[in-house]
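[1] return atomic coordinates for the entry below.
(chains A, B, C, D, E and F)
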Number of protein chains: 4
Amino acid sequence: MPPSSPARAQSPPRVGPDEKRFRILEAARRVCTREGYEAATMEAIAAEARVSKGTLYNFFESKEHLFLSTVLQSYDEAEARFDGGPSEDPRVRLDGFLEAMIESFPHVAAGMMVNLQVWAVVSRDADSRTRMFEDLSQRYGRLGADLETTLSAGQRAGVFRPDFAAAAVAAGLLAVLDGYVYRSVFDPGRAGARDLRASFDALIRERVLVSGTEEGR
Amino acid sequence: MPPSSPARAQSPPRVGPDEKRFRILEAARRVCTREGYEAATMEAIAAEARVSKGTLYNFFESKEHLFLSTVLQSYDEAEARFDGGPSEDPRVRLDGFLEAMIESFPHVAAGMMVNLQVWAVVSRDADSRTRMFEDLSQRYGRLGADLETTLSAGQRAGVFRPDFAAAAVAAGLLAVLDGYVYRSVFDPGRAGARDLRASFDALIRERVLVSGTEEGR
Amino acid sequence: MPPSSPARAQSPPRVGPDEKRFRILEAARRVCTREGYEAATMEAIAAEARVSKGTLYNFFESKEHLFLSTVLQSYDEAEARFDGGPSEDPRVRLDGFLEAMIESFPHVAAGMMVNLQVWAVVSRDADSRTRMFEDLSQRYGRLGADLETTLSAGQRAGVFRPDFAAAAVAAGLLAVLDGYVYRSVFDPGRAGARDLRASFDALIRERVLVSGTEEGR
Amino acid sequence: MPPSSPARAQSPPRVGPDEKRFRILEAARRVCTREGYEAATMEAIAAEARVSKGTLYNFFESKEHLFLSTVLQSYDEAEARFDGGPSEDPRVRLDGFLEAMIESFPHVAAGMMVNLQVWAVVSRDADSRTRMFEDLSQRYGRLGADLETTLSAGQRAGVFRPDFAAAAVAAGLLAVLDGYVYRSVFDPGRAGARDLRASFDALIRERVLVSGTEEGR
DNA sequence: AATGAATGAGTATTCATTCAT
DNA sequence: TATGAATGAATACTCATTCAT
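    You can find the predicted model right below:
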């Protein structure tokens, strides 16, 4: 027997607060993508989420907090996707990273303009900016450290070439991803997942793998 | 004898319209960098440029047009800086590109948030967005084609390794730059000119140059 | 027992949206009469109606729409008043028209400046002008046709003189009213309801009635 | 020999200040007719008159004064036209009045909206309103007195019917004219010079003239 | 918890007027 | 006398936020 009262069976299916919260976040993202941050009025977001304006304020303190949550959620999602997996073979692990990035590229690219605008707004308050940028910085730091560890492990194991600076390659790899995300905004024709893969191949895989290891096998 | 025309020596140093226009553009950039696009009121920009609000509208049709001009001007400046020079040696030419990028990196990074916010605002109008993004796309296209030409020439001349896809490296090179610009916004400590150079060295120079050519000389 | 519903007796007397709408229209009329259209700021109208500026925009799309509603409402009121009644005797019916006009003259005169200024503003947009003027034209047409019908009926019945052009008299009658309204703006001392009646008597009643019918009784 | 210096014969024909003043007044009238008072900017008037904005202020103290002059000039013109002429026959004199009104009707109608808007603006200042309305009131008073004198003279001379109140007819006559001017704004199809004449005939001429005097002669 | 009418601070833009040339 | 660039006061309108129901 379901926990909800049988007497309310005829009323419309009640949605839980988590689902409503999620609906609002998605609505905010959609409206902001379509119209831009300032043009994304609380009115429009409420309509898109099919709730009232007042309900928005039951879930989020303010417009700024709502969008901050939007951004933080998108970071969490991205981080979850970017986990290279538990493999112990550095080659497999690197490949996992790269493929995860290529796969999530369209989604990340689509959300970039929202994130950037929220940065701009949040940045007006020095404290918020510091907190948000520190959070981001740490996420990038963790990801970069993971990559660097993998690369170094591969070098020690002899499956990666010894003649590259692991840290510079790890940071460069992230930069290539971000650069493509950025370019995809205005030049989607030359900055798609396929192009990203080609650059990853040319600059990362072929640079890192011991000759003959992969291609010559 | 004063440098200005003797006939008007007694009048206060009048500024020409070009100088005033420039002052307004710089003021807009500064205020937007400090406060964000929406918080950069025409009032504040006028005060920063030490002109009246009305004068802003004598030079620019609207806030949007003012910031559009700001962005276009920054693109022109960047393009001028990124010219690799006329050398015929592909190695010298590539080096010219990379050094120009590293050198102008701080300036480009500083202007990024302004540009991105203006994108977001301009994008509300489909036509403006198309025009602006087409312009950007072409600038990137020209730069990428230049780089690719240089890389291919080096391959044909035997001074660059034959085993890389010139187009993918050219596009990746631009992506590395953009990625660092992006990261510098929230993580300046790990995304400075020095870090950019390290990634360029590891991913571009060492990937592209024939072993022994440069490092072994 | 209070006159309001007992169930809500304890809450403050809430005004319905219709009453608020009416209050705003009246406030707009008053302020515009006092200060003129341009000087009648939305701020001032809101204060006069004891609502906030935002509420004005909840009821009316724009200042122009607000005043357009003001004018249309005043036309409706005037038309309702100008109905000569259902009498079948043309003399009674004509008298009804004339008396209604004389009676509503002060009210119509008071609203004239507002209406004229709104015409001027609305006329900037060709479509709005066409619509508004067509509406007015039809109202005048209806009224003129009614009058003409009454006059002709009286002629056929032998209670009105046969030697006048009904259409020209009907149109002239309306013109006399409008002319007095117009003159009352700057010359109220010589353009009051009493003067209007005198001109109606001299130009309409004595012109139209068969000699001896009224004066000779 | 012309008063202007022969030595300037080759320069463009200089216009005198009176002509320039007139050009400005005409330009103001045209722009205000087209766009309305508030939308008639000093900029637009200057352009229409082919002078600079500064020159406007050399001739008129302010926008309000400029338009006040416009209106006063139009009154002077109208008054000059409405002079019935020096005839001693009341019938000829009345006819002169009526024909002058019919003839100048289109011009008066065309200028009405400008005058009304200027009234509205000038009225914001109580003193200006009083002055302007007093002026207008006196002009109407003079015209009405003239008409009344003519009508009374005709009655005493036996060429006009004895059974009408001369003052009420005189005032009514002016009202008919004004009423048609007013209606011509929104209903030009039914308020032209021809309609005005018909109403004048039906309400004034046929009311006033002794039967057989005119038509039967 | 949900609603949406009411609020009023905040801003881009206009335009009459001035004044240095 | 003529010009037109510069000025800044003034105002319609928006929208985040509140709160009575």
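
[2] so where's chain A uncertain?
    Residue ranges of chain A with pLDDT under 70: A:1-14, A:84-85, A:212-217.

[3] quick one: secondary structure of the residue in it positioned nearest to chain D?
    Nearest residue of chain A to chain D, counting by C-beta to the nearest C-beta: A:Ala39, 28.8 Å away. For the C-beta atoms, the positions are set from N, CA and C on the backbone; glycine is no exception. Under DSSP: H, G, I helix; E, B strand; the rest coil, A:Ala39 falls in the coil class.

[4] surely it meets B:Ser123?
    No. Using C-beta atoms under 8 Å, A:Ala39 is not in contact with B:Ser123; the gap is 10.1 Å.

[5] the residue nearest the centre of chain A is in what secondary structure piece?
    With distances taken as C-alpha atoms, centre = their mean, A:Ala78 lies nearest the centre of chain A, 3.1 Å away. A:Ala78 belongs to helix A:63-81 when elements are defined using DSSP states H and E.

[6] that helix and DNA strand E in contact?
    No. Helix A:63-81 is not in contact with DNA strand E by C-beta under 7 Å from any atom of the strand; minimum separation 12.5 Å.

[7] now do that helix: distance to the chain's middle.
    The chain centroid and the centroid of helix A:63-81 are separated by 8 Å, computed with C-alpha atoms, centre = their mean, to the nearest Å.

[8] if you count neighbours, what's buried in whichever helix or strand comes after that helix?
    Sequence-wise, the next helix or strand downstream of helix A:63-81 (DSSP H and E) is helix A:90-122. By 16 or more other C-beta atoms under 10 Å in any protein chain shown, the buried positions in helix A:90-122 come out as A:90-91, A:93-98, A:100-102, A:104-105, A:108-109, A:111-122.

[9] where does chain A get nearest to DNA strand E, residue-wise?
    Residue of chain A nearest DNA strand E, by C-beta to the nearest atom of the strand: A:Gly54 (2.1 Å).

[10] and the nearest residue to A:Arg161 once chain neighbours are set aside, its phi and psi?
    Leaving out its chain neighbours, the residue that sits closest to A:Arg161 by C-beta to C-beta, 6 or more residues apart in numbering or on different chains is A:Val210, at 5.5 Å. Torsion angles at A:Val210 (phi, psi; degrees, to the nearest 10) stand at phi -60, psi 130.

[11] who's in contact with the residue in chain A that chain C sits nearest to?
    For chain A, the nearest residue to chain C under the criterion C-beta to the nearest C-beta is A:Glu43, separated by 12.2 Å. Going by C-beta atoms under 8 Å, 6 or more residues apart in numbering or on different chains, A:Glu43 touches A:Lys53.

[12] and it, how close does it get to B:Ala167?
    47 Å (C-beta to C-beta, to the nearest Å).

[13] and if you look at A:Ala165?
    For A:Ala165, the distance to B:Ala167 (C-beta to C-beta) stands at 25 Å.

[14] and what of A:Asp18?
    Counting by C-beta to C-beta - A:Asp18 and B:Ala167 are separated by 46 Å.

[15] of the two, which one has the most company?
    B:Ala167 (19 against 8; other C-beta atoms under 10 Å in any protein chain shown).

[16] and the residue nearest to that one when sequence neighbours are not counted, how far is that from B:Ala78?
    Counting by C-beta to C-beta, 6+ apart, B:Ala167 lies nearest to B:Glu148, which is 5.3 Å off, once chain neighbours are set aside. With distances taken as C-beta to C-beta, B:Glu148 is found 19 Å from B:Ala78.

[17] then A:His65?
    Counting by C-beta to C-beta - A:His65 and B:Ala78 are separated by 36 Å.

[18] which parts of chain A sit against DNA strand E?
    A:Pro17, A:Lys20, A:Val51, A:Ser52, A:Lys53, A:Gly54, A:Thr55, A:Tyr57, A:Asn58.

[19] filter the residues you listed to the buried ones?
    A:Lys20, A:Val51.

[20] quick one on the thing from earlier: which of the buried residues of helix A:90-122 come close to chain B?
    Among the buried residues of helix A:90-122, the residues lying close to chain B (C-beta under 8 Å from any C-beta of the partner chain) are A:Met113, A:Leu116, A:Gln117, A:Trp119, A:Ala120, A:Val121.

[21] identify the residues contacting A:Val176.
    A:Leu196, A:Ser199, A:Phe200, A:Leu203, A:Ile204, B:Gly172, B:Ala175, B:Val176, B:Gly179, B:Leu203.

[22] make CSV from the residues you listed and add secondary structure and distance to DNA strand F to it.
    Shown next, in CSV, are the contacts of A:Val176 (DSSP: H, G, I helix; E, B strand; the rest coil; distance: C-beta to the nearest atom of the strand, whole Å):
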residue, secondary structure, distance to DNA strand F
A:Leu196, helix, 35
A:Ser199, helix, 39
A:Phe200, helix, 40
A:Leu203, helix, 42
A:Ile204, helix, 42
B:Gly172, helix, 39
B:Ala175, helix, 34
B:Val176, helix, 37
B:Gly179, helix, 32
B:Leu203, helix, 43
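
[23] neighbour-wise, which of the residues you listed leads?
    B:Gly172 (31 neighbours).

[24] just to check, it is in contact with A:Asp201?
    No. The pair B:Gly172 and A:Asp201 does not pass the contact test of C-beta under 8 Å, sitting 9.4 Å apart.

[25] surely A:Phe82 and A:Phe105 touch.
    No. Taking C-beta under 8 Å as the definition, A:Phe82 is not a contact partner of A:Phe105, at 11.1 Å.

[26] out of the ones next to chain B among the buried residues of helix A:90-122, who's nearest D:Ser184?
    A:Gln117 (55.8 Å; C-beta to C-beta).

[27] quick check: closest non-adjacent residue to that closest one.
    A:Tyr37 (3.9 Å).

[28] who touches the one you found in this structure?
    Contacts of A:Tyr37 (C-beta under 8 Å, 6+ apart): A:Phe67, A:Val114, A:Gln117, A:Val118, A:Ala120, A:Val121, B:Ala120.

[29] name the surrounding residues that touch the helix or strand hosting A:Arg207.
    Here A:Arg207 is covered by helix A:206-208, with elements defined by DSSP H and E. The contact list for helix A:206-208 (C-beta under 8 Å, 6+ apart) reads A:94, A:151, A:154, A:160-161, A:164, A:169, B:163-164, B:202-203, B:206-207.

[30] can you do 7 Å?
    For helix A:206-208, contacts defined as C-beta atoms under 7 Å, 6 or more residues apart in numbering or on different chains pick out A:Leu151, A:Phe160, A:Arg161, A:Phe164, A:Val169, B:Phe164, B:Leu203, B:Arg207.

[31] now do stretch A:146-165
    A:84, A:90-91, A:93-94, A:97, A:166-167, A:169-170, A:173, A:207-210, A:213, B:198, B:202, B:206.

[32] hmm, back to that, so the helix or strand encompassing the residue nearest to B:Ala167 versus helix B:90-122, what angle?
    Take DSSP H and E as the rule and B:Glu148 turns out to sit in helix B:126-157. Angle between the axes of helix B:126-157 and helix B:90-122 is 170 degrees (criterion: axes from the mean of the first three to the mean of the last three C-alpha atoms, to 10 degrees).

[33] mind listing what's buried in helix B:126-157?
    Buried residues in helix B:126-157 (16+ other C-beta under 10 Å): B:129, B:132-133, B:136-137, B:139-140, B:143-144, B:146-148, B:150-151, B:153-155.

[34] likewise for stretch A:199-213?
    For stretch A:199-213, by 16+ other C-beta under 10 Å, it's A:Ser199, A:Phe200, A:Asp201, A:Ala202, A:Leu203, A:Ile204, A:Arg205, A:Glu206, A:Arg207, A:Val208, A:Leu209.

[35] domain parsing for chain A?
    A:15-60, A:68-212 (automatic domain parsing).

[36] next one: the shortest one to chain centre, how far?
    Right, the one you point to is domain A:15-60. 20 Å.

[37] again, but for the last one
    The gap between the average C-alpha position of domain A:68-212 and the chain average comes to 9 Å, counting by C-alpha atoms, centre = their mean.

[38] for A:Val169, grab the count of nearby residues.
    Neighbours around A:Val169, by other C-beta under 10 Å: 22.
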